[in-house]
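Enquirer: What follows is a protein structure lacking sequence information:
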């Protein structure tokens, strides 16, 4: 074939990379990888470099390029939709998997609703997500595995980012935080996987005992790792006589949404078997991962058998997407400071961010669930001592819908609306 000719012409490197081609044939069984590939797939931390397509997009496809550059709106061509698969055990055989239900959600929502360990109600029936799985011999799962990146998060200020695996960024690495400046606080680097689909394992009963249910996990708010302010001068700025003020930038930027799984520092993240797809929150007492192997989540396990002996590895699940963002940098003065990682900074900035998001939704006449908000340490010298802080607002519509950019074009109106929201709030529990 033409592919074979190209591989032959490319030599050893091309031969080793041919398995990463995105147009795998349906006759290839990705469950039947050889022993060497299994060891590579489940290796711990010593495999720094992996050739892989970036993120979840194929950069060679025109449509994906147009999405990535914001030329086409993703909301008109939804590609970040994932399925939760529920097998029909009465109709399935060891050679053929039959689905009973297959509900879908956008990946950002699925990172919470379909996260491993979560209850999923379908047609009045309770099911559980304990597998990352897709049909067609899990080809999408292997593509996601080889496209895996490395996740870093600062344990002081919460700054987070993902990087392609390389000699510069690898699993187990610890870095200095570029936001708060703390030495050795960014890490430990973990595998970051964009899940292509989820499933209720066929061996698992629909009704788990309450004491056996794992603690639900939820994704972090979307993280902005780019400096952002390097896109050009601020589009709006204002300062008072005492030096306090603000600057606003707007642009399309990449955000990273991650579900880091278990918060236990000794047993972090999710345990994921890259061979069969079984996935559980790390440290779950009633988990199926054991020394004697674990059940495959899918019924069509011929000819490999119902048990999988591959070794699970720790992963973080997430999504990287582009959207419209408005970043506001506040300049504080006098005795008013919000030190990175402090409780007071978390309380104040969370309140301000949510008030501004609510204000955008009100001004744009959209639902509050359409607008996201988060804060971070300003990536400046003033940010490291708490004199400057940043709040960013973003559209949750894939690709952006210009809601936050439109609202930020009139800063006074935006701040007035947020102030009215705060002054009219009489909650006793917020």
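Expert: Thanks, I have it. Note that this is a predicted model, so its numbers are computed, not measured. Numbers count the residues shown, from 1 in each chain.
Enquirer: pLDDT wise, what is residue 91 at?
Expert: With respect to pLDDT, residue 91 scores 94.
Enquirer: can you check residue 256 too?
Expert: Per the predicted model, pLDDT is 94 at residue 256.
Enquirer: tell me which element it is part of?
Expert: strand 245-259 (DSSP states H and E).
Enquirer: distance of residue 218 from residue 229?
Expert: Here residue 218 is placed at a distance of 30 Å from residue 229 (C-beta to C-beta, to the nearest Å). (Each C-beta comes from the backbone N, C-alpha and C, glycine too.)
Enquirer: no, scratch that, I was asking about residue 258
Expert: Per C-beta to C-beta, residue 258 is found 23 Å from residue 229.
Enquirer: higher neighbour count, those two?
Expert: Counted by other C-beta atoms under 10 Å, residue 258 and residue 229 do not tie: residue 258 has more neighbours, with 24 against 17.
Enquirer: Quickly note the distance from that one to residue 233.
Expert: Residue 258 is 31 Å from residue 233, where distance means C-beta to C-beta.
Enquirer: got it, and residue 161?
Expert: 25 Å.
Enquirer: ditto for residue 271
Expert: 47 Å.
Enquirer: quick one, which of those two is more surrounded?
Expert: Neighbours were counted for residue 271 and for residue 233 using other C-beta under 10 Å; residue 271 has more, 24 against 8.
Enquirer: is it true that that one touches residue 279?
Expert: Yes: look at residue 271 against residue 279 with C-beta atoms under 8 Å: they come within range, at 6.8 Å.
Enquirer: can you list residues touching both of the two?
Expert: residue 315 (C-beta atoms under 8 Å, 6 or more residues apart in numbering).
Enquirer: Quick one: classify residue 390 as helix, strand or coil.
Expert: strand (DSSP: H, G, I helix; E, B strand; the rest coil).
Enquirer: which residues touch it?
Expert: Contact analysis of residue 390 by C-beta under 8 Å, 6+ apart lists 327, 328, 329, 330, 375, 376, 377, 378, 379, 383.
Enquirer: what are the bridge partners for it, then?
Expert: In this entry, residue 390 is beta-bridged to residue 329, residue 376, by DSSP bridges.
Enquirer: and what of the one 4 residues further on?
Expert: On the basis of DSSP bridges, residue 394 takes part in beta bridges with residue 325, residue 372.
Enquirer: can you tell me which residues contact it?
Expert: 222, 224, 255, 323-326, 371-374, 400, 404.
Enquirer: residue ranges of the strands in the stretch 51-200 of the chain, please?
Expert: 81-87, 99-101, 104-106, 119-122, 125-128, 131-132, 149-153, 160-164, 190-193, 197-200 (DSSP state E, counting those that start in this stretch).
Enquirer: quick one: which of those is nearest residue 315?
Expert: With C-beta to C-beta as the criterion, residue 315 lies closest to strand 190-193 of these, at 4.5 Å.
Enquirer: where along the stretch 251-400 of the chain do the helices fall?
Expert: 343-364, 381-384 (DSSP state H, counting those that start in this stretch).
Enquirer: Quick one: list the elements packing against the first one.
Expert: Helices and strands in packing contact with helix 343-364 are listed as strand 371-377, strand 388-395, helix 403-408, helix 411-423; criterion 3 or more C-beta pairs under 8 Å, 6 or more residues apart in numbering; DSSP states H and E.
Enquirer: I'd like these as JSON lines, with mean pLDDT appended.
Expert: Formatted as JSON lines, the helices and strands packed on helix 343-364 follow (pLDDT from 0 to 100):
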{"stretch": "strand 371-377", "mean pLDDT": "94"}
{"stretch": "strand 388-395", "mean pLDDT": "96"}
{"stretch": "helix 403-408", "mean pLDDT": "96"}
{"stretch": "helix 411-423", "mean pLDDT": "96"}
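Enquirer: for these, which one sits closest to residue 295?
Expert: strand 371-377 (37.7 Å).
Enquirer: Just give me the neighbour total for residue 272.
Expert: 29.
Enquirer: contacting residues around it?
Expert: By C-beta under 8 Å, 6+ apart, the residues touching residue 272 are 132, 193, 278, 279, 312, 313, 314, 315.
Enquirer: For the fourth one, give me its contacts.
Expert: Applying C-beta under 8 Å, 6+ apart, one finds that residue 279 lies in contact with 116, 129, 130, 131, 132, 270, 271, 272, 273, 315.
Enquirer: what does the first one give?
Expert: For residue 132, the residues meeting the contact criterion (C-beta under 8 Å, 6+ apart) are 116, 141, 144, 193, 195, 196, 197, 198, 199, 272, 277, 279.
Enquirer: Would you convert the strands of the stretch 51-200 of the chain into JSON lines that also reports mean pLDDT?
Expert: Listed next are those as JSON lines, based on pLDDT from 0 to 100:
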{"stretch": "strand 81-87", "mean pLDDT": "95"}
{"stretch": "strand 99-101", "mean pLDDT": "95"}
{"stretch": "strand 104-106", "mean pLDDT": "93"}
{"stretch": "strand 119-122", "mean pLDDT": "92"}
{"stretch": "strand 125-128", "mean pLDDT": "91"}
{"stretch": "strand 131-132", "mean pLDDT": "97"}
{"stretch": "strand 149-153", "mean pLDDT": "96"}
{"stretch": "strand 160-164", "mean pLDDT": "95"}
{"stretch": "strand 190-193", "mean pLDDT": "96"}
{"stretch": "strand 197-200", "mean pLDDT": "96"}
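Enquirer: right, and these - which one's nearest residue 175?
Expert: Nearest of the strands of the stretch 51-200 of the chain (C-beta to C-beta): strand 149-153, 6.2 Å.
Enquirer: if we can go back for a sec, closest to residue 170 among the contacts of residue 390?
Expert: Residue 170 has its nearest neighbour among the contacts of residue 390 in residue 379, at 23.6 Å by C-beta to C-beta.
Enquirer: What separation do you get for that closest one and residue 288?
Expert: 43 Å.
Enquirer: try residue 282
Expert: Look at residue 282 and residue 288: by C-beta to C-beta, they are 13 Å apart.
Enquirer: more crowded one of these two?
Expert: Comparing residue 282 with residue 288 by other C-beta under 10 Å, the one with more neighbours is residue 282, at 22 against 18.
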